[in-house]
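> quick one, fold the following:
(one chain, ligands or ions: 1)
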Amino acid sequence: MCGIIGAVSHRNVVPVLLDSLGILEYRGYDSSGIAVINSEGVMDRERKVGKVNQLAHSLSNGSTISGTTGIGHTRWATHGEVSEANAHPLAFKEKIAVVCNGIIENHEELRAQHLREGCEYNSGTDTEVIVHEIHRFQESGLSLLEAVKGTVEKLTGSFAFAVLSITNPEKIIVAKNGSSLLIGFGENETFIASDTLALAKIAKRMISLEDGDIAEISDQSETVIFDRSGSIVQRPAESIPINAKNIELGTYAHYMQKEIFEQAAAVSSTLKDRVTSDSVVENEVLTGKATEILDRVEAVRILACGTSFYAGLIAKFWFEALGIPCETEIASEFRYRKPVIANNTLLIAISQSGETADTLAALEYASELGCRYTLAICNSPASKITRMVDLVLHTHAGPEISVASTKAFSTQLVSLLLLMILLARRKGLTAQEESEVVHEIRALPSRIDAALQMDRKIHSLAKQFVDKEHTLMLGRGTHYPIALEGALKLKEISYIHADAYPAGELKHGPLALIDANVPTVAVAPNNHLLTKLKNNIQEVKTRGGKLFVFSDAGDSIKSDELIEVIHVIQSGPYTSPIIHVIPLQLLAYHVAVMRGEDVDNPRNLAKSVTVE
Ligand code: G6P
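Numbering: from 1, shown residues only. A predicted model of the protein is given here:
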C-alpha cells in the first residue's frame, strides 16, 4: 500500500521526491520521509508523522537537505504504530536507508536473531530487518549489490524495496518480489516508483520489474537489472501510459469531486471505438485470443473487492438475465474456500488499481483450481493484474486518485455491459436486441451530465445528514448494490455508519433500528420492483422514520412530512444503476466536506490495498 519513490539525477532531487510523494499519497498517508546523499557523501534523512505536506513544511522550515540521489516513502502502517521512529526511510546509522512496500513475513524470526547477536533496533517495523541484513552482509565484505541479493534470499513475503547507501552515493538498489516496482527514465535522470502515477510528470519511458528482479539504478545508460537467477536481463521499456495533465486537481476542491464530475468523459473514453451506432465492436473491446475464449465460455465467475465488487454484483443480474450463469464473490473470501468452478467458466477479476492483493491472489488461486479463462477489467494500464490474465478489458477512466472510487465504478459497469453483449450474442442475443442495449449505452454520457445537475440539490440535502450517526440504505435488484455502494461511500469518507439492505429484508432486522434519528435512503428506480419497494418505504414511514427516496422523474411516489422524493433523470434498465449511483456519490461527498473530513484521504484507508 505504501508509496515508494527514488531518483538518481544531476540536480537536487528533494523537490522531485516531495512532489512525487504528494502524488503517491493516496497509497498511504500516516507518515512520510526522504533520505538523500548530499554533496559531501553524507546521508541526510527527514521523516514526519502526518501527510506529505507536514514533511514538506518541515523541510522548507530550516532543515534544508539536498542531494542528487535519494529515496522517499509515504506510509500506510502495517507493522509498528504510526510514529516518526516507524516512518521510512529506516536507516542504519545514516549509512544505509531503506524504503519498503509490502510485508516481510519472517521479520520476527530475523529480528530475534539480530537481537541475539547484538543489533540495536530503532523501530517496530518489519522493514528494519532489511536494513540490518544489508549492513551485516556489507560488514562481511560484500558490495551493496551483493548484500541486497543476499538479503532478498533471506526474506519471505510480498515486497518491493529501495536501498540508499553512502558506500554507493550515486546509485539506488531495488528489489521486487510481489509488490509493484517501476523504473522510469527521464532526461539524464532515472527514477524508481511504486506506480505509474508518480512517474507521469517526471519520466518519459518506464520498465516494469518482474518478481525476483534486483536492479542497480544509476545514470540511465548504466542501470542494470538482474533476474532471480542473477543473470543480467533486458526488460522491455514502454511509454508512460498516463498524461501528466490528468493528475492535476484543476479548479476542483477535491479529487473525489473532480472524479465524480469526470464520469461522462470517462464513460465516453471507455466506449470510444468500441461501439458503432447499433453494435459492439468485439476486437476493439478485447484483443488477443478473445474470440476463441468467448466462444467457449459457458459461465462467469467475478472476483473483486470494495467498490469493484459491487460492480460485479450488478453484472451478475445482467449475465443471468441473458442465460449466462454468474457468481460474484469477494476475492478475500474466495481464496480461502474450495470453490467448485464449472468447466469453461470465464473468471473476471475487476480492479481499478490492478494491484489489490486479495484480488490478485484469488485470481492465482482460481487458475490453480483449473480455471482456464481469465479476464481483468482494470483501470491501470501497466498494473500487475494485466500481466496475469488472458484478456484485459481496459476501463479508460483516467487516473483515479481519491481513495473513494467513483468514475472507475461507472466505467467498470459500462465495460461489463460491453462484455455482456459479446457473450450474449453467442447465446442468441439478436441484432435488434443488441442495438437497443447499445442505444441505451450510447446515451449514457449525456444522462450522466444531466444527473450531475443534481449537485446543488444534493448539497442542500446533505445538511440533513451532517449530524447523523447512522443511515440505512435500501435497494432492490440491480439497485441493491447501488445502495451498498452509497453506504460504502458514506462510511469511507464521512465516517457516518451506513448499512445497506435489500429492501425486502427490512422486516428481518433493520426495521428495529428505525427512529427519527436514523434517516433511510431508498434507491427507487421506476422498474418492475417499484411496487414492492413502495411497500417497504411505507414500513419505514409507519415507524416514524424519515425517508429520502431517489426515484425516477415521472414516477408516482409523493413527498410528505416523512418522505422527501428526489427525482433522478430516467434511464434505461441497464444504465439506471450508473445514473442512480451519482446522487449517492454526491451525497457522501458533500456530507464529508460539511463535516470537515479529509475527503480524498480518509482515515485508516488507502487506495491500493497491496497487502492482505
Ligand atoms: C480500496 C479502495 C476502494 C476500492 C477497493 C478495491 O478499498 O479504497 O476504492 O474499491 O480498494 O480496489 P481495486 O483497485 O481492486 O478496485
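
> check contacts around the nearest residue to Trp76 once chain neighbours are set aside.
Closest residue to Trp76 apart from its sequence neighbours, by C-beta to C-beta, 6 or more residues apart in numbering: Gly28 at 2.7 Å. Placement of C-beta: from N, CA and C, glycine included. Counting by C-beta atoms under 8 Å, 6 or more residues apart in numbering, Gly28 makes contact with 1-3, 74-77, 606.

> can you do 6 Å?
By C-beta atoms under 6 Å, 6 or more residues apart in numbering, the residues touching Gly28 are 1-2, 74-76, 606.

> ranking by neighbours, what's the top pick from those?
Using other C-beta atoms under 10 Å as the neighbour criterion, Thr74 leads the contacts of Gly28 with 33 neighbours.

> phi first, then psi, for it.
phi -120, psi 130 (degrees, to the nearest 10).

> whatever residue of the stretch 401-550 of the chain ends up closest to the ligand: how many residues sit nearby?
Proximity of the stretch 401-550 of the chain to the ligand (C-beta to the nearest ligand atom) peaks at Ser405, 3.6 Å away. Here the count is done by other C-beta under 10 Å, and Ser405 has 27 residues near it.

> any stretches of the stretch 501-612 of the chain with poor pLDDT?
Judged by pLDDT under 70, the stretch 501-612 of the chain has no weakly predicted residues.

> the residue of the stretch 1-150 of the chain found nearest the ligand: what secondary structure?
Closest to the ligand within the stretch 1-150 of the chain is Tyr26: 8.7 Å, counting by C-beta to the nearest ligand atom. Here Tyr26 is helix, with the state taken from DSSP: H, G, I helix; E, B strand; the rest coil.

> residue of the stretch 201-350 of the chain nearest the ligand, please.
Taking C-beta to the nearest ligand atom, the ligand has its nearest neighbour within the stretch 201-350 of the chain at Gly306, 2.8 Å off.

> once you drop chain neighbours, what's closest to Met256?
Counting by C-beta to C-beta, 6+ apart, Met256 lies nearest to Ser402, which is 3.7 Å off, once chain neighbours are set aside.

> okay, now that neighbour: neighbour count?
23.

> secondary structure class for it?
Following three-state DSSP, we place Ser402 in the coil state.

> list the contacts of it.
With contacts defined as C-beta under 6 Å, 6+ apart, Ser402 is in contact with 255-256, 259, 600.

> in terms of secondary structure, what does the helix or strand hosting Leu461 contact?
Per DSSP states H and E, Leu461 falls inside helix 455-462. Applying 3 or more C-beta pairs under 6 Å, 6 or more residues apart in numbering; DSSP states H and E, we find helix 455-462 packed against helix 576-594.

> tell me what the helix or strand bottoming out on mean pLDDT in the chain is packed against?
Least confident helix or strand of the chain, by mean pLDDT, DSSP states H and E, is helix 530-542 with a mean of 85. If you count contacts as 3+ C-beta pairs under 6 Å, 6+ apart, helix 530-542 packs onto strand 520-524.

> quick one: strands adjacent to the strand it packs on?
When pairing is defined by DSSP bridges, strand 520-524 lines up against strand 470-475 (parallel), strand 547-552 (parallel).

> coming back round to it: and the pLDDT at the residue nearest to Met256?
Looking at Ser402, its pLDDT reads 95.

> same question for Gly62.
59.

> just for the stretch 101-250 of the chain, where's the confidence low?
In the predicted model of the stretch 101-250 of the chain, residues 220 satisfy pLDDT under 70.

> 50 instead, please
Counting by pLDDT under 50, the stretch 101-250 of the chain contains no low-confidence segment.

> for the ligand, what's the nearest residue on it?
Closest approach between the stretch 101-250 of the chain and the ligand, counting by C-beta to the nearest ligand atom: Asp195, at 11.3 Å.
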